[in-house]
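Q: with the input below, show me the fold.
(2 chains)
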Amino acid sequence: MIYKKSLLNEKMRRKREELVNLGYNKTDSVSRVDLNFKNELLSMPGGDVLKLCFQCGLCTGSCIVSRNVDTFRPRQILRMVQLGLKDILKSEDLWRCVTCYTCNERCPQGVKLTDVFTILKNRATQEGLLPKAMKELLKAIHEFGWIYEMGDVQEFEREDLELPDIPEASGMVFRKIAEKTGLNRLLEIQEG
Amino acid sequence: MVKYALYTGCTIPYRLNAYEASTRKVMEHLGVELVDLDQVNCCGLYVEPANKLAYLALSGRILALAEEQNLDILALCGGCTSALAKANAYLKEHEDERNAVNEVLADFDMGFEGKIRVVNSVNSFVEDIGLKELKKQITKPFNGLKLAAHYGCHLLKPSEVLQFEDPEAPKSVDDLCSITGAMMVDYRDKYDCCGAPVIATEQSLAVKIINNKLKNISHAGANAIVTVCPYCELMFDLMQLEADEVYGNGKKYGLPAILHTQLLGLSMGMDTEEVGLSLNKVNAEKIVEFLSE
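A: Numbering: from 1, shown residues only, chains lettered A, B, ... in the order given. Have a look, this model is predicted:
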């Protein structure tokens, strides 16, 4: 497919705009390098393979989200991590991955991109950057045990289909696990 | 005899009871015993992005519940299948995390050992029960029904964990549905994701993705779509109405999306009510016209 020059320019302009919105411009991106961030990620389980990425771009070429969202480029996200550009944690793109694992399967260097995304999302959550919609879901599980509150509609439907009662999800179990693993604390950080 | 601990998760009881009903009936018909687990909890799929340890503990507890009964888990949802299978593999391999999870589970007087498997309904039909055995039960095959299969990413990938089949060229769902007499049609970008995982954070993106799939399936001339995972099913069925609204310009796809267990049930002679066909949002009753007498 041959891009019209004007279209390509438009895409580049938009990408540049997004990077500037994230706090980057040509002059100061080097000063934003955070080697601690880079080393921390490299030391996490699944993080060590990050350095194997040689930027071939098969991930982006395979990505269904990249095909639909101009700014979403897994290859670029990996490069930013390799360089220690910590501001990647603030990018909405982190939460756009559909976790389809296509890049994970195809990477010729064995980089488990979906796992890298999980690491980045976990780190972003620690910084209080969990998206609101995700936080709502977690709070629902905290309250009801499931992401939904089951009610009469479900009961009646199941009765008609001769299904047993909905298994009682223990909200208590979730709350206990959330407390012991520090998830509660993370949610409070968001609230605070 | 094949026997499993059934884990239905949250989305099936809340929005897709037809899946559970058709599965239970098909399994009963095949002589497969399903044991319901008591005091289950959420699989942790949505918790993983926020805190991996909490996710591992949640999935680990479900695995431990089934281990207590020495049963493999039959998970119907793609999200649950992948969450449980990944946690199972991860906890077996990573001692530090396993110890951390077992410390949490000790509060419930439980522990993860890693001695059971996690299977999905398609794994079960293809590997545990066998298509040969299944085919013997097809008494009312479909005739002339053109079906487009959607596999569901989390039933195949990550392939090193699920160890089911080649995710670049899977054929299990096509093989499975073929035995009901349906003609399987291929379509462009068949193995693409349905978009469901981003529906909570970015619905417009999810609808854009499902619209592309619907467009390609429509071009291929299929009468209906067959799915495995409840999230995919909801995208193809419920969200098809949204795709009609956003991209249809007044036109509707009108493509029924049914679950593989509904398809199997019908071809085994069950009636539409037994498999909950009327609960589908896009009218799916018309596929019954393709059943032979």
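
Q: okay, now the unreliable bits of chain A?
A: A:1-5, A:23-31, A:169, A:189-192 (pLDDT under 70).

Q: and stretch B:175-194 with chain A, contact?
A: Yes - counting by Cβ under 8 Å from any Cβ of the partner chain, chain A is contacted by stretch B:175-194 at B:D192, B:C193. Heads up, the C-betas are built off the backbone N, CA and C, glycines and all.

Q: same check on stretch B:83-97?
A: Yes - applying Cβ under 8 Å from any Cβ, one finds stretch B:83-97 touching chain A at B:H94, B:E97.

Q: how about the nearest residue to the residue positioned nearest the centre of chain B, chain neighbours excluded?
A: The structure's chain B has its C-alpha centroid closest to B:C229; by Cα atoms, centre = their mean the separation is 2.6 Å. Among residues not flanking B:C229 along the chain, B:G78 sits closest, at 3.1 Å (Cβ to Cβ, 6 or more residues apart in numbering or on different chains).

Q: tell me how many other residues surround the one you found.
A: Neighbourhood size, B:G78 [other Cβ atoms under 10 Å in any protein chain shown]: 29.

Q: do a quick rundown of the helices in chain A.
A: For chain A, the helices defined by DSSP state H occupy A:5-21, A:35-43, A:58-62, A:64-68, A:74-83, A:102-106, A:113-126, A:132-144, A:152-160, A:171-181, A:183-191.

Q: make TSV out of the ones you listed and add distance to B:N120.
A: Shown next, in TSV, are these (distance: least, Cβ to Cβ, whole Å):
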stretch	distance to B:N120
helix A:5-21	38
helix A:35-43	32
helix A:58-62	24
helix A:64-68	22
helix A:74-83	27
helix A:102-106	18
helix A:113-126	19
helix A:132-144	22
helix A:152-160	22
helix A:171-181	24
helix A:183-191	27
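
Q: for B:M235, which of these is the nearest?
A: For B:M235, the closest of the helices of chain A is helix A:64-68, at 12.9 Å, according to Cβ to Cβ.

Q: which helices and strands sit right next to that closest one?
A: Where contact means 3 or more Cβ pairs under 8 Å, 6 or more residues apart in numbering or on different chains; DSSP states H and E, helix A:64-68 is packed against helix B:203-219.

Q: next up, the contacts around the residue nearest to B:C229.
A: Listed by Cβ atoms under 8 Å, 6 or more residues apart in numbering or on different chains, the contact partners of B:G78 are B:N120, B:G152, B:C153, B:H154, B:L155, B:V228, B:C229, B:P230, B:Y231, B:C232.

Q: wait, which of those residues is closest to B:V288?
A: B:V228 (20.9 Å).

Q: so how far is B:N216 from the closest one?
A: Distance, B:V228 to B:N216, by Cβ to Cβ, to the nearest Å: 18 Å.

Q: comparing these two, which residue is more hemmed in?
A: B:V228 (27 against 17).

Q: not counting residues beside it along the chain, what's closest to that one?
A: B:G152 (4.8 Å).

Q: mind checking how far the one you found is from B:Q240?
A: Taken as Cβ to Cβ, the span from B:G152 to B:Q240 is 16 Å.

Q: more neighbours: these two, which one.
A: A direct count of neighbours by other Cβ under 10 Å for B:G152 and B:Q240 places B:G152 higher, at 29 against 26.

Q: show me where the stretch 101-250 of chain B has its helices.
A: Remark: helices assigned in the stretch 101-250 of chain B by DSSP state H, counting those that start in this stretch are B:121-123, B:131-135, B:159-162, B:172-178, B:203-219, B:230-236, B:238-247.

Q: which SS class is B:N88?
A: helix (DSSP: H, G, I helix; E, B strand; the rest coil).

Q: how far away is the spatially closest residue to A:Q76 that is not a sequence neighbour from chain B?
A: The shortest distance from A:Q76 to any non-neighbouring residue, by Cβ to Cβ, 6+ apart, is to A:T60 (7.7 Å). Counting by Cβ to the nearest Cβ, to the nearest Å, the separation of A:T60 from chain B is 15 Å.

Q: contacting residues for A:T60?
A: Neighbours of A:T60 in contact, by Cβ under 8 Å, 6+ apart: A:S66, A:R73, A:P74, A:R75, A:Q76, A:C103.

Q: next one: B:L147
A: B:C177, B:A182, B:M183, B:M184, B:V185, B:A222, B:N223, B:A224, B:I225, B:V226, B:L263.

Q: and for it, nearest residue in space, chain neighbours not counted?
A: Nearest non-adjacent residue to B:L147 (Cβ to Cβ, 6+ apart): B:A182, at 4.3 Å.

Q: how near is A:R185 to B:C42?
A: 19 Å.

Q: neighbour count winner among those two?
A: Comparing A:R185 with B:C42 by other Cβ under 10 Å, the one with more neighbours is B:C42, at 30 against 12.

Q: let me know the pLDDT of that one.
A: On the pLDDT scale, B:C42 is placed at 95.

Q: and if you look at the one 10 residues further on?
A: Looking at B:K52, its pLDDT reads 96.

Q: burial measure for A:D34, as a count.
A: So A:D34, with other Cβ under 10 Å, has 14 neighbours.

Q: from chain B, how far out is it?
A: A:D34 is 22 Å from chain B, by Cβ to the nearest Cβ.

Q: wait, isn't that residue in contact with A:V81?
A: No - applying Cβ atoms under 8 Å, one finds A:D34 not in contact with A:V81, separated by 10.6 Å.

Q: hmm, back to that, how near is the residue nearest to the centre of chain B to B:L16?
A: Taking Cβ to Cβ, one finds B:C229 at 10 Å from B:L16.

Q: number of nearby residues for the nearest residue to A:K11 once chain neighbours are set aside?
A: With Cβ to Cβ, 6+ apart as the criterion, A:K11 has its nearest non-adjacent residue at 5.6 Å, and that residue is A:D70. By other Cβ under 10 Å, 13 other residues sit near A:D70.

Q: how near is A:D70 to B:A200?
A: 22 Å.

Q: OK, contacts around B:T272?
A: B:L266, B:S278, B:E285, B:V288.

Q: surely it is within a helix?
A: No - counting by three-state DSSP, B:T272 is not part of a helix but coil.

Q: model confidence for it, exactly?
A: Confidence score, pLDDT, at B:T272: 97.

Q: farthest pair in the contacts of B:L147?
A: By the measure Cβ to Cβ, B:V185 and B:L263 form the most distant pair in these, at 14.5 Å.

Q: which residues are in contact with residue 94?
A: Picked chain A for this. Applying Cβ under 8 Å, 6+ apart to A:L94 gives the contacts A:I77, A:I88, A:F117, A:L120, A:K121, A:A124.

Q: that's the wrong chain, I wanted chain B
A: Contacts of B:H94 by Cβ under 8 Å, 6+ apart are A:P45.

Q: and it, how close does it get to A:K51?
A: From B:H94 to A:K51 the distance is 20 Å (Cβ to Cβ).
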